[in-house]
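Colleague: Any chance you can model this:
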Amino acid sequence: MQKNQKKDEAEEEKKRRMRLRGELPPEDEEPEEDWEPQSIRTIMPYTTADGKQQFIISSEGAFNGFIYVCNIDDIRPLKAIEIKPDLKVSYMQHSIKSYGEMITIGYTTGEIELVMNGNFEKRMLVKYHDGRGGRITATTMTRDNNFFLSAAEDGLIYVF
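Modeller: Numbers count the residues shown, from 1 in each chain. Below you'll find the model as predicted:
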């Protein structure tokens, strides 16, 4: 099974039945896979609302297609958050404003996702920059929080 491949429900049911019959060892006794390290594209530290120090990373190769929420004290990521498989993260920023916590994720395609208050289930996607030369390089909010600005390699600044 590929690292980022979704599990097939029928295959998982078949394995569960084989475990019940004793044909496979229990899932917790199976040896863990060691995956070769891949290049890290971006890393962004942040503090959760309850004060925990965490960081989010994006990677290349077999790990692309997900961003990973990690804790400094844990060996493995806490959570893998799926992104479109053809996207690569080029920029991440965490900010706390009067309206709440916001994580901004910029992609090489010129797309930007906004995540409010750590809720990765509800993300807002905006795209104005060029898909070929629009790798997101910076974003910011104005001081009064009325405007969101984005800059990219296409040489443009967009105001939302």
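Colleague: Please identify the helix or strand for the residue positioned nearest the centre of the chain.
Modeller: Centroid check for the chain by Cα atoms, centre = their mean gives I67 as the closest residue, at 2.3 Å. Under the criterion of DSSP states H and E, I67 resides in strand 66-71.
Colleague: in the next helix or strand after that strand, what counts as buried?
Modeller: Following strand 66-71 in sequence order, the next helix or strand is strand 79-82 (DSSP H and E). Neighbour-count burial for strand 79-82 flags I81 (criterion: 16 or more other Cβ atoms under 10 Å). C-beta here means a position set from N, CA and C on the backbone, and glycine is covered the same way.
Colleague: How much space separates I72 from R143?
Modeller: Counting by Cβ to Cβ, to the nearest Å, the gap from I72 to R143 is 31 Å.
Colleague: right, I mislabeled it, should have said S59
Modeller: S59 is 34 Å from R143, by Cβ to Cβ.
Colleague: Look at those two and report which has more neighbours.
Modeller: Applying other Cβ atoms under 10 Å to S59 and R143 shows that S59 carries more neighbours, namely 20 against 8.
Colleague: Done for today, thanks.
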